[in-house]
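Enquirer: my questions are about this predicted structure, shown below with the sequence.
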Amino acid sequence: MSGWDGWLAAQRAERERAGLQRELRPRPADDELLDLAGNDYLGLRRHLEVRRAAAAAGWEWGAGSGASRLVTGTTTLHAELERELAGFTGRESALVLSTGYQANLAAVTALAGKDALVVSDAHAHASLIDAARLSRAAIEVVAHNDVAAIRAALAAAGSRRTLVLTESIFSVLGDAAPLPELAAVCAEHDALLVVDEAHGLGVAGSGGRGLVHAHGLAGHPHVVLTATLSKSFGAMGGAVLGSAALVDHLVNRARPFIFDTALAPAPTAGALAALRVLRREPELPSLVHRRGAELAARLGVPPSAGAVLSVPMPSPRCALAAQAAVLAAGVRVGCFRPPSVPDGVSRLRATTSAALDDADWSRAVDVLARVVDEERAAGRRTA
């Protein structure tokens, strides 16, 4: 066995001892489990209109886009999606990328640089963290949702170009960022607030237009949005939304956009169809919030600002045991353990779904509430 083989084996053994080993679990297309783990909050992934649009685009345009956006990869589908996304969120322009991860990389790396400062919330998503590191900027991580700490960091930045990174609704805790306060602080210090609306777009604000729109910040000159099309829109891809000047800058300077193959036709058309369904049925997000409040009450945890519900567990092993017990009862939930959680607390992560009918939703809630009570009690006994 080579030295590398030995190192890999030792790394796996260490993860297993800590209860942090992860495995891929392929699922069939006709999976019968009740899904409270995925991000298809509005149930649009399998919506007939969305599926038909994706299938038709694949048939008409082919399986892939054929090139990067600046070569021949930009299609009329991309242009339609960008125009309608911008209109929906109240922004001047939008730029579609292959993933939400790429959208964050593109925005931050193109706007920052070695002469800039990036101030990042301690609970920011991994894609924002990686983007900040790749930007070569100086980085200051501040406590979660600590506006005073951000104000102090910006005051000390002097004349440096400065970006503040946050999520509108955080992917682990499910809580909301204080966006009005953050926007005001950024305007005061001429900093740019980059808001990842991955978990806000589609479920927060009027008709699902996002938390930035809900707070009246859609046209704010110091606010830039990023988003994913793989959650509420049930497809794939990402977007950066802001001014026309911002989009022009990204087209010319954002390496994750310039050197990446364009989003394929099928998910582009699927996301566009999902957006049109949401505009036609603006009541969809309200079902997510009603169900989320019900689930939070049953589990004894704070309600989410979006569709993500965080359920703290006593230990990584306890969280894994609860996930396995729920799965055995026919329900799938997520499980977050270090290093995926910034505060080191292992959690079950349940996502509210509008895709389930009332009977299946009630059964899923009953199963999860029972298992969580049992595992918490077991954890207290062994503590």
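Expert: Perfect, I can see it now.
Enquirer: list the residues that contact the residue nearest to residue 109 when sequence neighbours are not counted.
Expert: Distances taken as CB to CB, 6 or more residues apart in numbering put residue 135 closest to residue 109, at 4.7 Å, once the chain neighbours are dropped. The way it works is simple: take the backbone N, C-alpha and C, and place the C-beta from them, glycine included. By CB atoms under 8 Å, 6 or more residues apart in numbering, residue 135 lies in contact with 108, 109, 111, 112, 113, 116, 118.
Enquirer: do the same with residue 140
Expert: Applying CB under 8 Å, 6+ apart, we find residue 140 in contact with 117, 118, 119, 120, 153.
Enquirer: quick one: list the elements packing against the host helix or strand of residue 84.
Expert: Counting by DSSP states H and E, the element that carries residue 84 is helix 76-89. If you count contacts as 3 or more CB pairs under 8 Å, 6 or more residues apart in numbering; DSSP states H and E, helix 76-89 packs onto strand 93-97, strand 223-228, strand 238-242, helix 265-280.
Enquirer: mind exporting the C-alpha coordinates of that helix to PDB?
Expert: Extracted C-alpha coordinates of helix 76-89, given in PDB (Å, rounded to 0.1, in the frame of the first residue of the first chain):
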ATOM      1  CA  THR A  76     -32.600  32.500 -26.300                       C
ATOM      2  CA  LEU A  77     -33.700  30.400 -23.300                       C
ATOM      3  CA  HIS A  78     -31.000  31.900 -21.200                       C
ATOM      4  CA  ALA A  79     -32.000  35.400 -22.300                       C
ATOM      5  CA  GLU A  80     -35.700  34.800 -21.500                       C
ATOM      6  CA  LEU A  81     -34.800  33.300 -18.100                       C
ATOM      7  CA  GLU A  82     -32.500  36.200 -17.200                       C
ATOM      8  CA  ARG A  83     -35.100  38.800 -18.200                       C
ATOM      9  CA  GLU A  84     -37.900  37.200 -16.200                       C
ATOM     10  CA  LEU A  85     -35.800  36.500 -13.200                       C
ATOM     11  CA  ALA A  86     -34.800  40.200 -13.100                       C
ATOM     12  CA  GLY A  87     -38.400  41.300 -13.400                       C
ATOM     13  CA  PHE A  88     -39.600  38.900 -10.700                       C
ATOM     14  CA  THR A  89     -37.000  40.000  -8.100                       C
END
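Enquirer: quick revisit: redo the contacts of residue 140 as TSV? Include distance to residue 95, pLDDT and secondary structure.
Expert: TSV is the format used below for these (distance: CB to CB, whole Å; pLDDT from 0 to 100; DSSP: H, G, I helix; E, B strand; the rest coil):
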residue	distance to residue 95	pLDDT	secondary structure
117	24	98	strand
118	20	98	strand
119	24	98	strand
120	22	98	strand
153	28	98	helix
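Enquirer: picking up where we left off before, could you flag which of the contacts of residue 135 are buried?
Expert: 108, 109, 111, 112, 116, 118 (16 or more other CB atoms under 10 Å).
Enquirer: mind listing what the first one touches?
Expert: Okay, so that is residue 108. Going by CB under 8 Å, 6+ apart, residue 108 touches 118, 128, 131, 132, 134, 135, 163, 165, 194.
Enquirer: need the pLDDT of it.
Expert: On the pLDDT scale, residue 108 is placed at 98.
Enquirer: coming back round to it: the contacts of residue 108 in helices, which ones?
Expert: Cross-referencing the contacts of residue 108 against helices under DSSP state H gives 128, 131, 132, 134.
Enquirer: returning to that earlier point: okay if I get the helices and strands packed on helix 76-89 as CSV plus mean pLDDT, mean neighbour count and distance to residue 373?
Expert: What follows is the helices and strands packed on helix 76-89, written out as CSV (pLDDT from 0 to 100; neighbours: other CB atoms under 10 Å; distance: least, CB to CB, whole Å):
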stretch, mean pLDDT, mean neighbour count, distance to residue 373
strand 93-97, 98, 25, 42
strand 223-228, 98, 28, 33
strand 238-242, 98, 29, 38
helix 265-280, 98, 23, 35
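Enquirer: contacting residues around the residue nearest to residue 205 when sequence neighbours are not counted?
Expert: Leaving out its chain neighbours, the residue that sits closest to residue 205 by CB to CB, 6+ apart is residue 214, at 3.3 Å. Counting by CB under 8 Å, 6+ apart, residue 214 makes contact with 204, 205, 206.
Enquirer: list the contacts for residue 113?
Expert: 135, 136, 137, 161.
Enquirer: can you verify my assumption that the last one contacts residue 117?
Expert: Okay, so that is residue 161. Yes. Using CB atoms under 8 Å, residue 161 is in contact with residue 117, at 7.4 Å.
Enquirer: look at those two and report which has more neighbours.
Expert: Neighbour count, other CB atoms under 10 Å: between residue 161 and residue 117, residue 117 has more, with 20 against 16.
Enquirer: now do the helix holding residue 84: distance to the chain's middle.
Expert: Taking the mean of its C-alpha atoms, helix 76-89 sits 20 Å from the chain's own mean (CA atoms, centre = their mean, to the nearest Å).
Enquirer: rounded mean pLDDT for that helix, please.
Expert: Helix 76-89 carries an average pLDDT of 98.
Enquirer: then stretch 6-21?
Expert: 90.
Enquirer: could you do stretch 281-295 as well?
Expert: 94.
Enquirer: mind saving the C-alpha coords of that stretch as PDB?
Expert: Written as PDB, here are the backbone C-alpha positions of stretch 281-295 (Å, rounded to 0.1, in the frame of the first residue of the first chain):
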ATOM      1  CA  GLU A 281     -49.700  30.600  -8.400                       C
ATOM      2  CA  PRO A 282     -48.300  33.100  -5.800                       C
ATOM      3  CA  GLU A 283     -50.100  31.300  -3.000                       C
ATOM      4  CA  LEU A 284     -47.600  28.400  -3.200                       C
ATOM      5  CA  PRO A 285     -45.200  29.800  -0.600                       C
ATOM      6  CA  SER A 286     -48.000  30.200   2.000                       C
ATOM      7  CA  LEU A 287     -48.400  26.400   2.100                       C
ATOM      8  CA  VAL A 288     -44.700  26.000   2.900                       C
ATOM      9  CA  HIS A 289     -45.000  28.400   5.800                       C
ATOM     10  CA  ARG A 290     -48.100  26.800   7.200                       C
ATOM     11  CA  ARG A 291     -46.600  23.400   7.200                       C
ATOM     12  CA  GLY A 292     -43.200  24.700   8.500                       C
ATOM     13  CA  ALA A 293     -44.900  26.300  11.500                       C
ATOM     14  CA  GLU A 294     -46.800  23.000  12.200                       C
ATOM     15  CA  LEU A 295     -43.600  21.000  12.100                       C
END
